[in-house]
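Enquirer: what's the 3D shape of this:
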Amino acid sequence: MQVRQILTVAGKEFRDRIRNRWVLAVAMVFAVFSLVIAYFGSAQQGVVGFRSIEITIASLVSLVIYLIPLIALLLGFDAIVGERERGSLDLLLSMPITRLELLLGKYLGLSAALTASMLGGFGVVMALLFPHIDSRGLYHFVGFMLSSVLLGLAFLSVAVLLSVVARDRTRASGLAIAAWFFFVLVFDLLMLGVLVGTGGKYAGDAFTWLLLLNPADVFRILNVFSLEDVRTLYGLASIVPPALGDPAAMGGVMVAWIVFPLVLAKWRFKP
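Expert: Predicted coordinates:
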């Protein structure tokens with residue numbers, strides 16, 4: 001495996017996203033939505049303006065769980081299958097580059113674009129809120145930004161896997177939307193249905209460990225346990241054992257969600 005080949009492919013993918021202003025557009029989306037939530041998130045309670053970094057992060061968690069997975073899946077669903085449909089995949093693989101190098105190059109380039117857009121958007125919000133938060137609040141907001149990046153990279157990894165498995169772009173896009181619905185909407189409803197349907201019989205640690213099968217829930221746990229005020233806003237905190245409240249452990253789970261789909265994608269990757 002040659003790093004130069006990987007970086008060449010990654011650079012092309014990143015430049016393509018810069019050229020079509022994808023990074024700027026997504027950064028603006030993150031910045032606008034985050035600012036609206038930060039200053040008007042408490043309007044329903046008759047309060048307008050920034051209240052606290054804890055309340056802001058709690059509101060942004062909900063935004064990130066819905067928005068970032070969707071953007072990541074739409075960004076990466078045609079990474080490989082798109083090349084196959086255009087007839088350029090065989091040409092690429094006929095050059096001195098391996099499938100692993102091509103796969104990693106595609107993923108790293110898309111990851112750089114997604115990370116730049118998220119950090120840019122949230123960075124604008126952090127700069128505007130900087131006069132209102134102390135060092136502790138700044139630490140937690142930076143942690144929130146980093147966990148958001150990990151969430152995006154995890155779903156981008158899933159998107160690349162779907163792009164390898166799908167036979168055409170239409171099926172790949174359908175699988176991407178289905179994955180978003182499952183992880184963001186359906187998974188928690190299924191867990192709640194099992195919990196209610198069994199009368200709480202399986203509401204122990206075994207049940208809560210199943211939350212690790214969903215990167216969106218891992219992200220939620222990371223941020224729920226980061227701040228005391230945020231814990232009280234989510235009923236999830238009442239059923240998650242303290243063992244899952246370790247940020248390092250949850251960060252490791254997120255990294256596993258990034259690596260494992262890529263390993264499967266390499267295994268299934270065929271020209």
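
Enquirer: Which parts of the protein are helices?
Expert: 3-19, 22-40, 53-76, 81-86, 89-93, 99-129, 135-165, 169-180, 187-197, 205-209, 215-224, 228-231, 247-268 (DSSP state H).

Enquirer: Turn those into JSON lines, including mean pLDDT.
Expert: As requested, the helices of the chain are arranged in JSON lines below (pLDDT from 0 to 100):
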{"stretch": "helix 3-19", "mean pLDDT": "87"}
{"stretch": "helix 22-40", "mean pLDDT": "79"}
{"stretch": "helix 53-76", "mean pLDDT": "85"}
{"stretch": "helix 81-86", "mean pLDDT": "86"}
{"stretch": "helix 89-93", "mean pLDDT": "79"}
{"stretch": "helix 99-129", "mean pLDDT": "89"}
{"stretch": "helix 135-165", "mean pLDDT": "90"}
{"stretch": "helix 169-180", "mean pLDDT": "93"}
{"stretch": "helix 187-197", "mean pLDDT": "79"}
{"stretch": "helix 205-209", "mean pLDDT": "69"}
{"stretch": "helix 215-224", "mean pLDDT": "86"}
{"stretch": "helix 228-231", "mean pLDDT": "55"}
{"stretch": "helix 247-268", "mean pLDDT": "91"}
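
Enquirer: any idea which of those is most buried?
Expert: Highest mean neighbour count among the helices of the chain (mean count of other CB atoms under 10 Å): helix 215-224, with a mean of 25. Where C-beta positions appear, they are placed from N, C-alpha and C, glycine not excepted.

Enquirer: tell me what that one is packed against?
Expert: helix 53-76, helix 135-165, helix 187-197, helix 228-231, helix 247-268 (3 or more CB pairs under 8 Å, 6 or more residues apart in numbering; DSSP states H and E).

Enquirer: Please identify which of those is closest to R84.
Expert: Between R84 and the helices and strands packed on helix 215-224, the shortest separation by CB to CB is 9.0 Å, and it involves helix 135-165.

Enquirer: and that closest one, how far from the chain's centre?
Expert: Relative to the mean C-alpha coordinate of its chain, helix 135-165 is positioned 4 Å out (CA atoms, centre = their mean, to the nearest Å).

Enquirer: what is the orientation angle of it with helix 169-180?
Expert: With axes from the mean of the first three to the mean of the last three CA atoms, to 10 degrees applied, the angle from helix 135-165 to helix 169-180 works out at 140 degrees.

Enquirer: picking up where we left off before, in JSON lines: the helices and strands packed on helix 215-224, plus distance to K106.
Expert: Below are the helices and strands packed on helix 215-224 laid out as JSON lines (distance: least, CB to CB, whole Å):
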{"stretch": "helix 53-76", "distance to K106": "8"}
{"stretch": "helix 135-165", "distance to K106": "7"}
{"stretch": "helix 187-197", "distance to K106": "27"}
{"stretch": "helix 228-231", "distance to K106": "35"}
{"stretch": "helix 247-268", "distance to K106": "10"}
